[in-house]
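Student: can't give you the sequence, but here's the structure:
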């Protein structure tokens, strides 16, 4: 079997999908900064992970069979034994299992009555599935933990991320290990809103992929209300307007309505 690498169009544009490996063969995936090796044995699957490359790596590569051997000391190694021989293995896309709190790299203000759309990316997670069973999942690049809430009792544990708060899609780099969300912030209050930190409810969002393999979520609209700690959130239906033909590749982790309230903006406690 010859080496297959990715193309930039059609179903082969993404790193996710069924894994076609004959018994004894090893496949390799480079997903942004993540290196992943997967080997199919008679009655088990072996997985190796390494993250030794630059976190800013953006593309992906797939090699079946793998050209390079598995490193002697990978960051993570797992064996899944006793697995059914006829089940199909799949690499699937997911979003984080907690909300992601993004902090702009520079102070960002929205004046009273103002509205702005930002393009915010969050880390993609990789799920290894065998048939309908999820064997393992992990972030393409680990995010640090952060607490979001007014005190140590009220709030929740989230993941932390940085954003450049770009407002033009052409300025946003395409990264295989990041999922892009068009985030509209409307300041309905009478004072200027400082976007020091904003919490994105990613477990409530589906994932879409366009023909180039870029990953998206539905659009999110957050409205800052006057004299309220909670913001009104509205989730878009279907793929975002920026990529209307993107196909759905992952369901939300959590169910719920498309409108709800949450504490979305900078909390007092850090």
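Tutor: Cool, the structure landed. Given the structure is predicted, the values throughout are model-derived calculations rather than measurements. Numbering: from 1, shown residues only.
Student: neighbours of residue 25, how many?
Tutor: Burial of residue 25 is recorded as 15 neighbouring residues (other C-beta atoms under 10 Å). The way it works is simple: take the backbone N, C-alpha and C, and place the C-beta from them, glycine included.
Student: burial count for residue 37?
Tutor: Neighbours of residue 37 using other C-beta under 10 Å come to 21.
Student: wait, doesn't it sit right on residue 67?
Tutor: No: the criterion here is C-beta atoms under 8 Å, and residue 37 misses it with residue 67 at 11.1 Å.
Student: which neighbours do these two share?
Tutor: Common contacts of residue 37 and residue 67 (C-beta atoms under 8 Å, 6 or more residues apart in numbering): residue 28.
Student: enumerate the positions of stretch 203-216 that are buried.
Tutor: Buried residues in stretch 203-216, counted by 16 or more other C-beta atoms under 10 Å: 203, 204, 205, 206, 207, 208, 209, 210, 213, 214, 215, 216.
Student: any idea how far the second one is from residue 98?
Tutor: To tie it back to what came earlier, the one meant is residue 204. Using C-beta to C-beta, to the nearest Å, one obtains 11 Å as the distance from residue 204 to residue 98.
Student: now the first one
Tutor: Here residue 203 is placed at a distance of 7 Å from residue 98 (C-beta to C-beta).
Student: next: the fourth one.
Tutor: Spatial separation of residue 206 from residue 98 under the definition C-beta to C-beta is 17 Å.
Student: also the last one?
Tutor: To residue 98, residue 216 is 20 Å away according to C-beta to C-beta.
Student: what about the helices in the chain?
Tutor: Ranges of helices within the chain: none, based on DSSP state H.
Student: so where's it uncertain?
Tutor: 1-12, 84-85, 267-270 (pLDDT under 70).
Student: okay, now the domains of it?
Tutor: Structural domains annotated on the chain: 10-93, 96-123+140-262, as defined by automatic domain parsing.
Student: out of those, nearest to residue 129?
Tutor: Minimum separation from residue 129 across the domains of the chain (C-beta to C-beta) falls at domain 10-93, 4.5 Å.
Student: what's the burial count for residue 141?
Tutor: Per other C-beta under 10 Å, the neighbour tally for residue 141 reads 19.
Student: and residue 126, what does it touch?
Tutor: If you count contacts by C-beta under 8 Å, 6+ apart, then residue 126 has 31, 34, 36, 91, 92, 93, 94, 137, 138, 139, 140 around it.
Student: bridged to it, which residues?
Tutor: residue 93, residue 138 (DSSP bridges).
Student: run through the residues that contact the closest residue to residue 111 other than its chain neighbours.
Tutor: Take residue 111 and drop its neighbours on the chain: the residue closest to it by C-beta to C-beta, 6 or more residues apart in numbering is residue 192, 5.2 Å away. Neighbouring residues of residue 192 by C-beta under 8 Å, 6+ apart: 109, 110, 111, 112.
Student: from residue 83, how far out is residue 40?
Tutor: Distance from residue 40 to residue 83, by C-beta to C-beta: 9 Å.
Student: over to residue 210?
Tutor: Between residue 210 and residue 83 the computed distance is 33 Å (C-beta to C-beta).
Student: can you flag the buried ones in the contacts of residue 126?
Tutor: For the contacts of residue 126, buried by 16+ other C-beta under 10 Å: 31, 34, 36, 91, 92, 93, 94, 138, 139, 140.
Student: JSON lines for those, including distance to residue 237?
Tutor: Formatted as JSON lines, the buried ones among the contacts of residue 126 follow (distance: C-beta to C-beta, whole Å):
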{"residue": "31", "distance to residue 237": "28"}
{"residue": "34", "distance to residue 237": "31"}
{"residue": "36", "distance to residue 237": "33"}
{"residue": "91", "distance to residue 237": "27"}
{"residue": "92", "distance to residue 237": "22"}
{"residue": "93", "distance to residue 237": "19"}
{"residue": "94", "distance to residue 237": "20"}
{"residue": "138", "distance to residue 237": "30"}
{"residue": "139", "distance to residue 237": "27"}
{"residue": "140", "distance to residue 237": "27"}
